[in-house]
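> here are the coordinates; sequence isn't available:
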């Protein structure tokens, strides 16, 4: 039995519609290692600085690379919104 089978409908919906965090995008694209991301999250909790600012301060990415990742994050969020809108429209029509 998979974990998804134990989830409530609300939990499944939340998982499907959850925006991807910047750190997740960078990790998946190979721009950060898991250790780097963990270190950034700890520092972010301590300093309350945005993740992007910490990445730039450490010199791990250029501003252009970071903007590119933010653009990808936005496009992913928009794709989720578009898919859900289309699904809702189809359900309302039928």
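Cool, got the structure. Just so we're clear, the structure is a prediction, and the values are computed from it rather than from any experiment.

> any low-confidence regions in the chain?
The chain contains residues with pLDDT under 70 at 1-5, 15-19, 94.

> helix, strand or coil for the spatially most central residue of it?
Nearest to the geometric centre of the chain sits residue 20, at 1.6 Å (CA atoms, centre = their mean). Judged by DSSP: H, G, I helix; E, B strand; the rest coil, the three-state class of residue 20 is coil.

> what's the distance between it and residue 40?
Remark: distance between residue 20 and residue 40 (CB to CB, to the nearest Å) = 16 Å. Bear in mind the C-beta positions are built from the backbone N, C-alpha and C, glycine included.

> do the same with residue 85
33 Å.

> who's more crowded, those two?
Remark: of residue 85 and residue 40, residue 40 carries more neighbours, 21 against 10, as counted by other CB atoms under 10 Å.

> ok, and what's touching whichever strand or helix holds that one?
In the assignment (DSSP states H and E), residue 40 maps to helix 34-47. With CB atoms under 8 Å, 6 or more residues apart in numbering as the test, helix 34-47 has contacts from 23, 26-27, 32, 49-51, 54-55, 60.

> okay, buried residues for the longest helix anywhere in the chain please.
Ranked by residue count and defined by DSSP state H, the top helix of the chain is helix 63-93. Residues 66, 69, 72-73 are the ones in helix 63-93 that count as buried (16 or more other CB atoms under 10 Å).
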